[in-house]
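Asks: pasted the sequence and its predicted model underneath.
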Amino acid sequence: SGEQDGAASIVAGSRLTELRKLTCAQFDFKKLIRLCEELNTAYREECYFATAMLIRGILDHVPPLFGQSSFKEVANNYGGGGKSFKDVMQHLENAARKVADSHLHTLIRKSETLPVAQQVNFAAELDVLLSEILRIMH
C-alpha cells in the first residue's frame, strides 16, 4: 500500500503522514498530498509515464511554498536549505522535469522504448524537497 514505506513507493508513508498533519492558513496541502498518493499508486502499478508526469506536477505545484513562482526559481534562488538542497533541487529540475518532458512531448515514432522504474524513480530527491517543505511549514 502507498501508506507504508517501501520499495514500491516514491513518497514514504511516514512523509505522507507528516504532510497530512500540516496546517497553514496561507496554503492548503490537499492537492500536494493527493499528488503524492497518486504518484505512489502510479509507481506501484508500473505506470511510469504517469509517474514522470506526476513528479513534474509536484514540481510545478510547490514553488509558492518557497516564495517563488517556478520550480526553476526554487532550484536556483531558494537559500533556506543550503547548498546541498540547492544541488538536489537543480537535479530534480534538470533530470526529473526533462524525463517527464521527453515523455509528454515526443511524437509517435517508428520504434519506441518504454520507461522503466529506474528512469522515473526520483524518490530521494523528492524526499529532500518534501522534508524542506515540512521544515519550513512547521
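Replies: Structure received.
Asks: okay, now the unreliable bits of the protein?
Replies: 1-7 (pLDDT under 70).
Asks: make it 50
Replies: 1-6 (pLDDT under 50).
Asks: show me where it has helices.
Replies: With DSSP state H as the criterion, the chain has helices at 13-21, 30-44, 48-61, 71-77, 82-91, 97-105, 117-120, 123-137.
Asks: just the CA atoms of the fifth one, as PDB, please.
Replies: It stands for helix 82-91. Written as PDB, here are the backbone C-alpha positions of helix 82-91 (Å, rounded to 0.1, in the frame of the first residue of the first chain):
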ATOM      1  CA  GLY A  82      21.800  25.300   1.900                       C
ATOM      2  CA  LYS A  83      24.000  24.300  -1.000                       C
ATOM      3  CA  SER A  84      23.100  20.600  -0.800                       C
ATOM      4  CA  PHE A  85      19.400  21.300  -1.000                       C
ATOM      5  CA  LYS A  86      20.100  23.600  -4.000                       C
ATOM      6  CA  ASP A  87      22.100  20.900  -5.800                       C
ATOM      7  CA  VAL A  88      19.400  18.300  -5.200                       C
ATOM      8  CA  MET A  89      16.600  20.600  -6.400                       C
ATOM      9  CA  GLN A  90      18.700  21.500  -9.500                       C
ATOM     10  CA  HIS A  91      18.900  17.800 -10.200                       C
END
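Asks: what lies in contact with it?
Replies: 71, 74-76, 78-79, 81, 124-125, 128-129, 132 (C-beta atoms under 8 Å, 6 or more residues apart in numbering). (Each C-beta comes from the backbone N, C-alpha and C, glycine too.)
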